[in-house]
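# Generate coordinates for the sequence data below:
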Amino acid sequence: MLQTLFRLDPFRLVFLGLIWLAAFVLSCSAQTADAGKRFALVVGNSAYQHVVQLANARADAELIADTLGKLDFNVKLLTDADYMTVNRSLVEYANSLPAGAISFVYFSGHGVQAGNDNYLLPIDADPKTESDLPFVSIASS
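This is a model prediction of the structure:
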C-alpha cells in the first residue's frame, strides 16, 4: 500500500514546475518590487535515508536558486534537509518576510498525496503507513 504513495511521474512534475516557474518569472518581471522585497526558499532533497534517492533533485534546486538570485531574489537554499531543518526554515522564512514582499518557495524532492492531503518528504522521513505522514513530513497545504 505505501509503495503506491511514492509512484510519481518525475517528467510530468518537472514539466509542470518549469511552466509554473516561467509564468512566475514573467509576472515578477512585470512588477516593480524592489530587489530587497524578493525572497525565495529553495529546498532540494536527493539523499533520502529511507525511501528511493533522487538523482537530480538537489541539482534542480541549485539551478533554481541560482536563477532566482540572478533575478535579484534573496535566496535561502537548503539541500538534503531533514524534518527539523525544513520545518524550522519554513517558519523562519515566513516570519522574516516584510510586508509587500514577493515570496517564492520551491521544493524538489519526494512528494506524497494521501487522500486530499499533500506532503513534502524531508530526507529522514520514514513513513510506515499513510497515518504516519503528518508526523514525518511537511503538509503542503
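
# you'd agree residue 75 is in a strand?
Yes - with DSSP: H, G, I helix; E, B strand; the rest coil as the criterion, residue 75 is part of a strand.

# So which residues of this protein form helices?
Ranges of helices within the chain are 2-5, 10-30, 57-70, 83-96, 133-136, based on DSSP state H.

# Of those, which shows the lowest average pLDDT?
Among the helices of the chain, helix 2-5 carries the lowest mean pLDDT, a mean of 46.

# doesn't residue 37 make contact with residue 102?
Yes - Residue 102 is within contact range of residue 37, at 6.1 Å (criterion: CB atoms under 8 Å). Just so you know, the C-beta spots here come from the backbone N, C-alpha and C atoms, and that holds for glycine as well.

# Now the common contact residues for these two.
The contact sets of residue 102 and residue 37 do not overlap (CB atoms under 8 Å, 6 or more residues apart in numbering).

# Please compute how far stretch 63-80 lies from its chain's middle.
Offset of stretch 63-80 from its chain centre (CA atoms, centre = their mean, to the nearest Å): 12 Å.

# oh, I was asking about stretch 94-113
Here stretch 94-113 shows a centroid-to-chain-centroid distance of 7 Å under the convention CA atoms, centre = their mean.

# centroid residue for the protein?
Of all residues in the chain, the one closest to the mean position by CA atoms, centre = their mean is residue 107, 1.4 Å from it.

# Thanks a lot, catch you later.
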